[in-house]
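Student: Coordinates for the following, if possible.
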Amino acid sequence: MYKMKAKTAEDALKQMSAMLLEKGYVKESYRNAIIEREKKFPTGLKLQGEINVALPHADIEHVLRPALAVGVLEKAFEFRNMADPEERIENVKMIFIPVITKAHKYVEFLGFLVDNIFQKPKTMKDLVKAKQKSEILKILKKKLKF
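Tutor: Numbers count the residues shown, from 1 in each chain. All right, here's what the predicted structure looks like:
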């Protein structure tokens, strides 16, 4: 989703979940599951550059088929830190939702995103500055090699 006009971080998760449901990637239960999981297990990730990300997801029983949803936020939000839930991470400009069908693949995919996208400040800036969804897809395809 490009330049999401969300009012809150939770609103952004609702919008992205609705899109995933509409496209047949997740079950109706996904929206509530992702919001509840984020409350218990925060997914904010502080990066080296000025752009931070969140990686919310829901358990596999709410998933129909794999996907990666990417949301670029028009307004940055605060998420709690994945590594330290008491810490708040500001300036979260992008949300990556890995829609995974095999639980053991989440950590592997997260590492792949970190190595190929998140640890590359230029790539992150390019994603946020993209003018169209097609530009985001092109950058991701090149970096993730799919």
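
Student: Could you look up the next helix or strand downstream of the longest helix anywhere in the chain?
Tutor: Ranked by number of residues, the top helix in the chain under DSSP state H is helix 9-22. Past helix 9-22, heading to the C-terminal end, the next element that is a helix or strand (DSSP states H and E) is helix 30-40.

Student: Contacts made by whatever helix or strand comes next after that following helix with the rest, please.
Tutor: Per DSSP H and E, helix 30-40 leads on to strand 44-45 as the next helix or strand towards the C-terminus. Applying Cβ atoms under 8 Å, 6 or more residues apart in numbering, the external contacts of strand 44-45 come out as 52-55, 78-82, 88-89, 92, 114, 118. C-betas here are computed from N, CA, C, even on glycine.

Student: cool, stretch 88-97 as well?
Tutor: With contact meaning Cβ under 8 Å, 6+ apart, stretch 88-97 is reached by 9, 12-13, 16, 20, 34, 44-46, 50-57, 68-73, 76-81, 113, 117, 124, 127-128.

Student: quick one: buried residues of the lengthiest strand in the chain?
Tutor: Within the chain, and with DSSP state E defining each element, the longest strand by residue count is strand 67-80. Within strand 67-80, the residues that qualify as buried are 67, 69-73, 76-77, 79-80, counting by 16 or more other Cβ atoms under 10 Å.
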